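Engineer: Provide a 3D model corresponding to the input given below.
(chains A and B)
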Amino acid sequence: MRSSGSRWARSRRWLPGLLLVSPSIVAIGLFVYGLIFWNTRVAVSGKHDEVTEYGFDKGRNFVDLWDQPSWPGAVKHALLFTAVFVVGALVLGAFLAFLMDKGIRGEASFRVVYLFPMAVSFIASGVVWRWLMNPAPPERAVGLNQLFGELHLGALANSWWQDPDWGMAAMALPAIWQMSGYVMALYLAGFRGVPGELREAARVDGASEWKVYRYVVFPQLRPVTLSALIILGHISLKVFDLIMAIAGKQIITYVPAVAAYVEIFDRHDPANGATIATYLLVAVAVLVIPYLVWSVRTERTR
Amino acid sequence: MRVRAPRRRWTAVAAVAMTAALGASACGGSGDKGSNDTSQVEVFSWWTGPGEADGLAAMKADFEKKNSGTKFVNAAIAGGSGTQAQAVLASRLQNRKPPDSFQGHAGAELLDYIKAGQIEPLDSFYDENNLKSAYPQQLLDQISYKGKIYSVPVNIHRSNMLWYNPGILKEAGISGPPATIADFITALKAVKDRTKKVPLSLGAQWTADHLLENVLLGDLGTDAYNALWKPGADWGSPAVTKALTDYAEIMKYTTLEAASTDWQGAAKAVVDGKAAFNIMGDWAYGYFVGSAPNGLGKKLDTDFKYAASPGTDGTYMWLSDSFTLPKGAPHRGGALAWLKEVSSKEGQDLFNPKKGSIPARKDADKSLYKGYLQYAFEQWNKPGVKLAGSFWHGVNASKKQHTDIDTAVGLFLQNKDVAKLQQGLVSAAENSGQ
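Structural biologist: Modelled structure (predicted):
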């Protein structure tokens, strides 16, 4: 009797906690890991239309996908977009945070202004940027090209995202606009976390303001940079709504997520769609797993 | 051991309870009331825009008057040409939870549903309601798959239409709408040389597909065009090469900013006096003459005129919205009553004037169709008219071939390589699965 009583007492310690988290455990198990499993299952099957049975195709889809005429372009677009977007948002965000950190009048309102775009959905900002980046020549353009025309800067007018080679760099502009405020907030928190004594000490040693940042503040911000990199990187890989809002399903701006949608819902080819989704998962994992390993390690050393 | 066992049980109980709770919410309400239930009909469409939604409402009112015991459930999902709706529909069909009837473009677009056994053939329905004599024979031939008909067309749109700005043509010294593809290219050049206007306005990638089907029809002629969509068709022929070369030439006279606008923007350029020509289906007419905010309120003959697209006079390149009977429809009786409404003369005459299209039936009331619709009605019912199916709008290409052609055209817009375009079209036909 006594032992069962203590068992009951012990279970009262862990049971409520378990009950609290079990819905998420089941949901995550089912809807994340279960679906990852199912997606991989479809990706290695030969189900290229609605009727074929699933079967097993030895992962041929992962190779064959590269013969799809639209796929190599989609990968190229994703890489270009990622490079411009991640670097652009990081640099701009860090720069804005630096300005804030130097102290300006009305800092709070600037902070809100820069952070605000994040509250707008990619769809909404996409609609606006679609208009802004109208590539018509200045005399009949709307948006930025018209503005350039009126300012007698017609030479700056360009074809934006409709340029076959560098168009995806222009497509990254709205994304940078949207996310740099968030990066700024991350960095600002990082700057504020650097103890004032450290800066003081450097100044006493005769370091210039630039050197204070270069050698004292920025090295302390590596964790911030890394988390910003992870967040931007995975947003960039899965970008879908922004592209659909600006260009729709056009080859000129194809990215993997759009390609997956087209394979599944337009071509009715579940296997190809699942293969693309698997590639995307792997790409995100390449970014996230080293980060997880690193953060677990740093936590242990602390 | 004795201490541990109950703990495991607890965990198991909790896990099972949670799974059961989640599972129960996923599957519910499969009340099957027998195959001929007429208590209700759930009609799935993408008619939510102005005009089309009004047409659907008019047909619904007539349906409810005739079938007072049947509750009409409108399951319309917004989205141009049904992109969103079709994604939702595909998942419902795969989960064996079909609506009682759904809208689809008549013809090969339904092939995937047919092959997956998701919709029923309707030949006996056609026989019971004497529909085979009500619809044109060519239409029935073009929507049949292996001798069976799977859909009930409610309307007809025409895709081979040329819209032009008479003022700009006058300025360029062109006497009338070009009658052949060669004349068309001459006219485009004249507009470019003599005016500062855009010769041919174009929109997003899909409007280039639409232009392609018009150039193919105009260059190849109706029979050769229709033959392209038969199994084993020769897309590598010199005649196709010639048509694609013309297509590439025509594309040189289009707008740079095409990709950033849809068909509305491209069509509007003509009535606004910015572009001379636009090739688009006849839904553009409703947009031109309709009143604000959904239309532009323009006048026929002063702001714009129309003609058959170059080289296609006498041929009606059609597309059609139609309704189907999914296998396992929960209210099959209601669905059949709805199909009867959709195929009836009254239903089509209530729907089409509002939607801005013409009835597929031959015996419709001519006096209801005014302006452009009168022209369309006469062309459709003219003796000796040839019918060609619009591939872009789902008549003769499976979804796979449709998407692959779109990809080939999209790549062509970038590399302007006619040989690669033709190769792309050849492999699209080979992989069509038809």
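
Engineer: ok, now how distant is residue A:290 from chain B?
Structural biologist: Summarising the geometry, the distance separating residue A:290 from chain B, computed by CB to the nearest CB, to the nearest Å, is 33 Å. Any C-beta I mention is one placed from the backbone N, CA and C, and that applies to glycine too.

Engineer: what does the stretch 51-200 of chain B put close to chain A?
Structural biologist: Within the stretch 51-200 of chain B, the residues that sit near chain A (CB under 8 Å from any CB of the partner chain) are B:83, B:86-87, B:90, B:94, B:112-113, B:115-118.

Engineer: Show me the two of these that sit farthest apart.
Structural biologist: B:83 and B:117 (24.2 Å; CB to CB).

Engineer: With neighbour numbers in mind, choose between the two.
Structural biologist: Regarding residue B:83 and residue B:117, a neighbour count based on other CB atoms under 10 Å in any protein chain shown identifies residue B:83 as having more, with 16 against 11.

Engineer: Help me confirm that the more buried one is found in a helix?
Structural biologist: Yes - using DSSP: H, G, I helix; E, B strand; the rest coil, the assignment for residue B:83 is a helix.

Engineer: Show the contacting residues for it.
Structural biologist: By CB atoms under 8 Å, 6 or more residues apart in numbering or on different chains, residue B:83 lies in contact with residue A:265.

Engineer: Ok, residue B:215 next?
Structural biologist: Contact analysis of residue B:215 by CB under 8 Å, 6+ apart lists B:181, B:243, B:246-247, B:250.

Engineer: In helices, which of those residues appear?
Structural biologist: Among the contacts of residue B:215, the subset assigned to helices under DSSP state H consists of B:181, B:243, B:246-247, B:250.

Engineer: What ranges does the stretch 51-200 of chain B have for its strands?
Structural biologist: Listed from the start of the chain, the stretch 51-200 of chain B has strands (DSSP state E, counting those that start in this stretch) covering B:71-74, B:101-105, B:144-145, B:148-149, B:152-153, B:157-158, B:161-164, B:198-200.

Engineer: could you dump the ones you listed to a markdown table with mean neighbour count?
Structural biologist: Putting the strands of the stretch 51-200 of chain B into a markdown table (neighbours: other CB atoms under 10 Å in any protein chain shown) gives the following:
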| stretch | mean neighbour count |
| --- | --- |
| strand B:71-74 | 16 |
| strand B:101-105 | 27 |
| strand B:144-145 | 15 |
| strand B:148-149 | 17 |
| strand B:152-153 | 26 |
| strand B:157-158 | 23 |
| strand B:161-164 | 24 |
| strand B:198-200 | 26 |
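
Engineer: Mind putting those strands into CSV with mean pLDDT?
Structural biologist: As requested, these are arranged in CSV below (pLDDT from 0 to 100):
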stretch, mean pLDDT
strand B:71-74, 94
strand B:101-105, 94
strand B:144-145, 92
strand B:148-149, 96
strand B:152-153, 96
strand B:157-158, 96
strand B:161-164, 97
strand B:198-200, 96
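
Engineer: between those strands, which gets nearest to residue A:85?
Structural biologist: Judging the strands of the stretch 51-200 of chain B by CB to CB, what sits closest to residue A:85 is strand B:198-200, at 33.2 Å.

Engineer: tell me what that closest one is packed against?
Structural biologist: helix B:181-194, strand B:275-279 (3 or more CB pairs under 8 Å, 6 or more residues apart in numbering or on different chains; DSSP states H and E).

Engineer: From the chain's centroid, how far away is the longest one?
Structural biologist: Taking CA atoms, centre = their mean, to the nearest Å, one finds the center of helix B:181-194 at 30 Å from the center of the full chain.

Engineer: on that earlier part again, and the residues of the stretch 51-200 of chain B next to chain A, which are buried?
Structural biologist: The neighbour count (16 or more other CB atoms under 10 Å in any protein chain shown) marks B:83, B:86-87, B:90, B:112-113, B:115-116, B:118 as buried among those.

Engineer: Give me the average confidence score over stretch A:180-196.
Structural biologist: Mean pLDDT, computed over stretch A:180-196, is 91.

Engineer: Stretch A:17-37 too?
Structural biologist: Per-region confidence: stretch A:17-37 scores 94 on mean pLDDT.

Engineer: first vs last residue of that stretch, how far apart are they?
Structural biologist: 28 Å (CA to CA, to the nearest Å).

Engineer: do stretch B:91-103 as well
Structural biologist: 15 Å.

Engineer: Strands along chain A, start to end?
Structural biologist: With DSSP state E applied, chain A shows no strands anywhere along its length.

Engineer: burial measure for the closest residue to chain B within it, as a count.
Structural biologist: Here the residue of chain A nearest chain B is residue A:251; by CB to the nearest CB that distance is 2.8 Å. Neighbour count for residue A:251, taken as other CB under 10 Å: 26.

Engineer: wouldn't it be in contact with residue A:70 here?
Structural biologist: Yes - under the criterion of CB atoms under 8 Å, residue A:251 is in contact with residue A:70, at a separation of 5.9 Å.

Engineer: Next, show the common contact partners of these two.
Structural biologist: Shared contacts of residue A:251 and residue A:70 (CB under 8 Å, 6+ apart): B:407, B:410-411.

Engineer: mind listing which of the residues you listed are in helices?
Structural biologist: Among those, the members falling in helices (DSSP H) are B:407, B:410-411.

Engineer: from those, which is closest to residue A:100?
Structural biologist: Minimum separation from residue A:100 among those (CB to CB) is found for residue B:410, which lies at 43.5 Å.

Engineer: pLDDT score assigned to that closest one?
Structural biologist: Predicted confidence (pLDDT) for residue B:410: 95.

Engineer: try residue A:3
Structural biologist: In this prediction, residue A:3 carries a pLDDT score of 56.

Engineer: Closest one to residue A:284 out of the ones in helices among the contacts of residue B:215, please.
Structural biologist: Closest to residue A:284 out of the ones in helices among the contacts of residue B:215 is residue B:247 (40.5 Å), distances taken as CB to CB.

Engineer: That closest one is in contact with residue B:211, isn't it?
Structural biologist: Yes - between residue B:247 and residue B:211 a contact is recorded at 7.4 Å, counting by CB under 8 Å.

Engineer: Among the ones in helices among the contacts of residue B:215, find me the one that's closest to residue B:308.
Structural biologist: For the ones in helices among the contacts of residue B:215, with residue B:308 as the reference and CB to CB as the criterion, the closest is residue B:181, at 12.3 Å.

Engineer: Pull the contacting residues for the closest one.
Structural biologist: B:215, B:218-219, B:243, B:246, B:250, B:310-311.
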